[in-house]
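Enquirer: Sequence and predicted structure below; questions after.
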There are 2 protein chains.
Amino acid sequence: MLIGEYLHTIDQKNRLSVPSKFRKELGKIVVVSRGLDKCLFLYTIEAWKKLAEKLATELPWGKAENRSFMRTMIAGAADIQIDALGRVLLPENLKKFASLEKDAMVVGLYNRVEIWNPEIWKAYSDSANQNTELIAEKLGELGMY
Amino acid sequence: MLIGEYLHTIDQKNRLSVPSKFRKELGKIVVVSRGLDKCLFLYTIEAWKKLAEKLATELPWGKAENRSFMRTMIAGAADIQIDALGRVLLPENLKKFASLEKDAMVVGLYNRVEIWNPEIWKAYSDSANQNTELIAEKLGELGMY
DNA sequence: AAACGAGGTGGGAAAATGTGGAAAAACCTG
DNA sequence: CAGGTTTTTCCACATTTTCCCACCTCGTTT
């Protein structure tokens, strides 16, 4: 179970430490792809295969936006080996896609990890937190109170 | 059943004692997440997994508000091991979220624990107590006389 | 009232983690 | 094939986190 926020730095060689709490679950090789909302998605191989299959079988090809979504997710993906010290090497194109520079916010989302530019993340989560009623409503729907 | 209010201190290392009465019920590992009204929610790992599973599998990410809610709840949470002396280590981001500094009010609410800044808690419960009529009314609605 | 025990608090030592850089290997190019 | 450049592997440091122990306070017991 991948949860939590971690602020890490990207060094001159484009290496980024994976939070140690995530390493065991992620394994040695992961898949990084373009995500939604200007961040990167990082999956285990298994989770990625499931997702890709779902996309390929369940997403109707008729809609242009679906084709576009699939292409960005799958074509832009790269399988990356986590090095001996628990770091991933970010490809230049993905780094640019997510506006990543010196720092990165690494967040766990249950079955995937997202990598954000910290400033964009802050702006995003600040605006999300202002929506208290929405959160309360959703929590209620889920039976958490 | 988790009930009662306890005023505890957060030490320099961000550790907070869980009231001993709660420990048995909570188990060794808990999840702390952003709650409502600027407090933190503390769940058992089982309760949390149910919620996270629902979030991850049932909420379609097509909708932006679902993604936002997921990120708030899951990324803004932390799984924490209760140490040998019954303390939890609060992550910096959650501490900030709930405006926690030196002291914390730890409150049992039947099936979850809430962690409050004591001043906010006081203000909140004071204002709640002024609404005696409202409380009475709610009790009535629930069929409690 | 002293002794005792349980619960809460604080701090030090040891281990783990994150980061930067050097050495080695692979790659490309002229 | 040599030279230079990039990529990968490895090592070392510093900081953070984790683990462990000692103390203090408060309430209860003898």
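Expert: Good, I have the coordinates.

Enquirer: mind checking how far residue A:28 is from residue B:44?
Expert: Distance from residue A:28 to residue B:44, counting by Cβ to Cβ, to the nearest Å: 32 Å. C-beta: built from backbone N, CA, C; applies to glycine.

Enquirer: which of these two has more neighbours?
Expert: residue B:44 (18 against 10; other Cβ atoms under 10 Å in any protein chain shown).

Enquirer: quick one, strands of chain A?
Expert: Ranges of strands within chain A are A:2-9, A:15-17, A:29-34, A:40-44, A:78-81, A:87-89, A:103-110, A:113-116, based on DSSP state E.

Enquirer: Does the biggest helix by length in chain A pack against any helices or strands, and if so which?
Expert: Secondary structure of chain A per DSSP state H: the longest helix is helix A:45-58. With contacts defined as 3 or more Cβ pairs under 8 Å, 6 or more residues apart in numbering or on different chains; DSSP states H and E, the packing partners of helix A:45-58 are strand A:29-34, helix A:64-75.

Enquirer: How about the longest one and chain B, any contact?
Expert: Which is helix A:64-75. No. Helix A:64-75 is not in contact with chain B by Cβ under 8 Å from any Cβ of the partner chain; minimum separation 9.4 Å.

Enquirer: just the angle between that helix and helix A:45-58, please?
Expert: 150 degrees (axes from the mean of the first three to the mean of the last three Cα atoms, to 10 degrees).

Enquirer: who's in contact with helix A:64-75?
Expert: Outside of helix A:64-75, the residues within contact range by Cβ atoms under 8 Å, 6 or more residues apart in numbering or on different chains are A:33, A:34, A:41, A:52, A:55, A:56, A:59, A:60, A:61.

Enquirer: now the angle between strand A:29-34 and the longest helix of chain A, please.
Expert: 50 degrees.

Enquirer: Which residues outside helix A:45-58 are in contact with it?
Expert: So helix A:45-58 is contacted by A:27, A:29-31, A:33, A:43, A:70, A:73-74, A:77, A:79, A:111-112 (Cβ under 8 Å, 6+ apart).

Enquirer: In these, find the pair that's most separated.
Expert: Maximum pairwise distance among the contacts of helix A:45-58 (Cβ to Cβ): 24.8 Å, between A:27 and A:70.

Enquirer: Same drill for those two, tell me which one is more crowded.
Expert: Shown here are residue A:27 and residue A:70; by other Cβ under 10 Å, residue A:70 has more neighbours (15 against 11).

Enquirer: The more buried one and residue A:132: what is the separation?
Expert: The value you get for residue A:70 to residue A:132, if Cβ to Cβ is used, is 35 Å.

Enquirer: Low-confidence ranges, chain A, go.
Expert: A:144-145 (pLDDT under 70).

Enquirer: quick revisit: out of the contacts of helix A:45-58, which are buried?
Expert: If you count burial by 16 or more other Cβ atoms under 10 Å in any protein chain shown, the buried members of the contacts of helix A:45-58 come out as A:30, A:31, A:33, A:43, A:73, A:74, A:77, A:111, A:112.

Enquirer: from those residues, which is closest to chain B?
Expert: residue A:111 (5.7 Å; Cβ to the nearest Cβ).
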